[in-house]
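Engineer: structure of the sequence below:
(chains A and B)
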Amino acid sequence: MLLLTTNRYLPTTMLPPKTLRYVAPDATGHFGPYGGSFIPEILVPTFEALRSAWNEAKNDSAFWNEWRSVLNEYVGRPTPLTFAERLSEQTGLKVYLKREDLCHTGAHKVNNTVGQVLLARRMGRTRIIAETGAGQHGVATATVCAKYGLPCVVYMGEEDMRRQELNVLRMRLLGAEVVPATSGSKTLKDATNEAFRDWVAHPDDTFYVIGSVVGPHPYPEMVRDFQRIIGDEVRQQLAEREGRETPDAAFACVGGGSNAMGLFYPFVDNWGTLLFGAEAAGEGLGGRHAATLTLGTPGVLHGSMSYLLQDAAGQVQEAHSISAGLDYPGVGPEHAYLRDLGRVRYEAVTDDEALAAVQTLSRLEGIIPALESAHAVALLLRTAPSLDAGSVVVLNVSGRGDKDMHTLSERWGNG
Amino acid sequence: MPDLRRHLLDLRTQGRTAMGLFLTSGFPDPASTGPILDALVAGGADVVELGMPFSDPLAEGLPIQRASARALAHGVAMDDAFETARAFTAHHPHIPLVLMGYYNPVLQYGLDRFCADAQAAGVAGLILPDLPPEESGALEAAAAAHGLDVTFLVAPNTPDERMQTVAERSTGFVYAVSSPGLTGQTLSAHDAIGAYLDRAKALVGDVPLLVGFGIRTAHDAARLSAHTDGFIVGTALIETVERLWDDPLLSDAERRAEVEAFVRGLRS
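Structural biologist: As a prediction, this is how the structure comes out:
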């Protein structure tokens, strides 16, 4: 049953029959024309070992049991589904917040790092590397490495190290080495380049814990499967609260897109649930932005084919967002595929809208969201008038805003 | 254009170790690339690799990253690489020129258009290190249609069976990466490198095998190419060019003479 007053968000073409189950990626890691594995030869055996270990692990209930028990006892799952009373009143919707901000380390990232570090241990790898943008994935990786006594090197753009100084301190406190990426825009893209370069030089003993649904096969699938716990829990929690497993709409922010894939994936086959992804419009779509799915074109970066911010010559352009976690010129290949299928509606949200949304959620609900998550809040506020009154809506609060206080005080002053 | 495979096999027959040199298009500046390529030939280069600059060169060490960024800062585009190639191949019809770079700029240019324009510029072959055989079907078809050879890479950790596959798919030569790491890395003194190259040589059969990554001196070149048909030098040349062209006291003629001497010195 659809509760929409208009069908402007429902694509009229490209709808596959609703009985057709969504299955992606294929055996070689392609989501339609996207994904794949564009890697230097030196990494080919490394990726073959990774794929085979992942294929074994994902069919091994012992692996999932261990992962689940770490998430329960250490991360604090399941995270609550909080009914947002005042936000619901303001929007005329029934808004539930999925509280990934309450995960240990402060964001959803840790769901994935626990999974990948367990896989690294299973493969006998003795050194962990990671890239990080906002620092949340770096902190989550450093945390799990500390727990298991593994040496950890985190690559982080020099500009991001400045913006997210507190997360740099946290990583160092956790025993990780934080290495600045000083090339290009000195942000997430460049940190990812450096992490790949490290792996090219250490293909045998090192495991690269990628933080989003990006990169060569099997990362987009693997990270999604570690994050889908978000959506799976929502199904269960909604059933208890609303007597139905599926919401009318779900909202999440999209940088690389891991929290969004985690929330959306369990609902992809249910076309009654409208899916909304908020990407970063930065200063506006006419200026500097990170709106990859809105303004990008297909291309290859960091080992897979997806939408990409690039110039006509195929040089990757620098992205911009006030939120370091969305400041990335690429996006996960599965999002590219879902965009083309018309299954997810992606819209861009400016820095200013996100800043206003931080205030809105803080003041209405007493929850300070990460700047990343605030993009989803802003998109919900924008979309609410076109949803039927009383629609059940789930919004993923992918992380908490503590890390952004430095950015906010720069922007607003201390007054 | 010269046939890359035949050219390398001829050198093998003559008992001459093939020497390849890599230079980024538009580096150190667009006007200097062509004259430096001429100096490479004067110094004895048998194959020239012209790099197509890219914003995110994943497999490169710092010197080639810097060269790529410097070329892009000069506004160098694919058409400039073709123009440089055209001038070079007109001037040196017997020296194969190979374009080397990352996949995305080629993809955006259009695979067929790229191969057609490369052919028209006299280019002999292509090397795209982030395009493994699994993803390269469309490029191989376009290259074949325009008479361009494609080269794939092997590395020390490449299994035997895959080395054979790479050799079958390579229509130019097979590029052996000397050891795990980026371009310009320090070469291991270890004997394992010789054993790996011997294994590769046996597995690629008749296909020419050239080794690269980290070769800086005549000693390195002699040691590694004893196991192969030849060697490729990139980073050491880039660093030499960078040093010479950033020295304001040198004339362009002096710089080119030093490049020529550097190249000649790789084969002493």
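Engineer: which residues sit against stretch A:87-97?
Structural biologist: By Cβ atoms under 8 Å, 6 or more residues apart in numbering or on different chains, the residues outside stretch A:87-97 that reach it are A:81-84, A:234, A:237-238, A:241-242, A:247, A:360-361, A:364-365, A:367, A:380-381, A:384, A:387, A:389-397. The way it works is simple: take the backbone N, C-alpha and C, and place the C-beta from them, glycine included.
Engineer: from those residues, which would you call buried?
Structural biologist: For the contacts of stretch A:87-97, a burial check counting by 16 or more other Cβ atoms under 10 Å in any protein chain shown picks out A:81-82, A:84, A:234, A:237-238, A:247, A:360-361, A:364-365, A:367, A:380-381, A:384, A:387, A:391-397.
Engineer: which residue is nearest the centroid of the chain?
Structural biologist: Looking at chain A here, since you left the chain open. Most central in chain A under Cα atoms, centre = their mean is A:Ser258, positioned 2.6 Å from the mean C-alpha point.
Engineer: nope, chain B
Structural biologist: With distances taken as Cα atoms, centre = their mean, B:Glu49 lies nearest the centre of chain B, 3.5 Å away.
Engineer: how about that residue, what does it touch?
Structural biologist: With contact set as Cβ under 8 Å, 6+ apart, B:Glu49 has these partners: B:Gly20, B:Leu21, B:Phe22, B:Leu23, B:Leu97, B:Val98, B:Leu99, B:Met100, B:Ile127, B:Ile232, B:Gly234.
Engineer: that one and B:Leu97, how far apart?
Structural biologist: In this view, B:Glu49 and B:Leu97 are 8 Å apart by Cβ to Cβ, to the nearest Å.
Engineer: so what's whichever residue of chain B sits closest to chain A closest to, chain neighbours aside?
Structural biologist: Minimum separation of chain B from chain A (Cβ to the nearest Cβ) falls at B:Gln108, amounting to 3.3 Å. Spatial nearest neighbour of B:Gln108, chain neighbours left out: A:Gly314 (3.3 Å); criterion: Cβ to Cβ, 6 or more residues apart in numbering or on different chains.
Engineer: hmm, B:Phe114 and that neighbour touching each other?
Structural biologist: No: A:Gly314 is beyond contact range of B:Phe114, at 10.5 Å (criterion: Cβ atoms under 8 Å).
Engineer: mutual contacts of those two, please.
Structural biologist: Here A:Gly314 and B:Phe114 share the contacting residues B:Val106, scored by Cβ under 8 Å, 6+ apart.
Engineer: helices or strands up against the strand or helix carrying A:Asp232?
Structural biologist: A:Asp232 belongs to helix A:229-242 when assigned by DSSP states H and E. Counting by 3 or more Cβ pairs under 8 Å, 6 or more residues apart in numbering or on different chains; DSSP states H and E, the packing neighbours recorded for helix A:229-242 are strand A:81-83, strand A:94-99, helix A:258-264, strand A:392-397.
Engineer: and the first helix or strand past the shortest one going along the chain, how far out from the chain's middle?
Structural biologist: When you say that, I think you mean strand A:81-83. Remark: after strand A:81-83, the chain's next helix or strand is helix A:85-91, criterion DSSP H and E. Chain-centre distance of helix A:85-91: 26 Å, with Cα atoms, centre = their mean, to the nearest Å.
Engineer: cool, and stretch A:118-135?
Structural biologist: Taking Cα atoms, centre = their mean, one finds stretch A:118-135 lying 17 Å from the centre of the chain it belongs to.
Engineer: coming back round to it: can you lay out the helices and strands packed on helix A:229-242 as a markdown table showing mean pLDDT?
Structural biologist: Compiled in a markdown table, those are given as follows (pLDDT from 0 to 100):
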| stretch | mean pLDDT |
| --- | --- |
| strand A:81-83 | 98 |
| strand A:94-99 | 99 |
| helix A:258-264 | 98 |
| strand A:392-397 | 98 |
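Engineer: as a markdown table, these with distance to B:Ser178 would be great.
Structural biologist: Formatted as a markdown table, those follow (distance: least, Cβ to Cβ, whole Å):
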| stretch | distance to B:Ser178 |
| --- | --- |
| strand A:81-83 | 55 |
| strand A:94-99 | 50 |
| helix A:258-264 | 36 |
| strand A:392-397 | 47 |
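Engineer: to B:Asp220, which of the ones you listed lies closest?
Structural biologist: Taking Cβ to Cβ, helix A:258-264 is the member of these nearest to B:Asp220, at 43.4 Å.
Engineer: then that closest one to PDB, C-alphas only?
Structural biologist: The C-alpha coordinates for helix A:258-264 follow below in PDB (Å, rounded to 0.1, in the frame of the first residue of the first chain):
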ATOM      1  CA  SER A 258      28.100   2.400   3.100                       C
ATOM      2  CA  ASN A 259      25.600   3.500   5.700                       C
ATOM      3  CA  ALA A 260      23.000   4.100   2.900                       C
ATOM      4  CA  MET A 261      23.700   0.600   1.400                       C
ATOM      5  CA  GLY A 262      23.400  -0.900   4.900                       C
ATOM      6  CA  LEU A 263      20.000   0.700   5.400                       C
ATOM      7  CA  PHE A 264      18.600   0.300   1.900                       C
END
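Engineer: so what touches it?
Structural biologist: With Cβ under 8 Å, 6+ apart as the test, helix A:258-264 has contacts from A:98, A:100, A:107-109, A:111-112, A:211-213, A:223-224, A:226-231, A:234, A:250, A:252-254, A:275, A:277, A:332, A:334-335, A:338, A:344, A:373, A:394, A:396, A:398.
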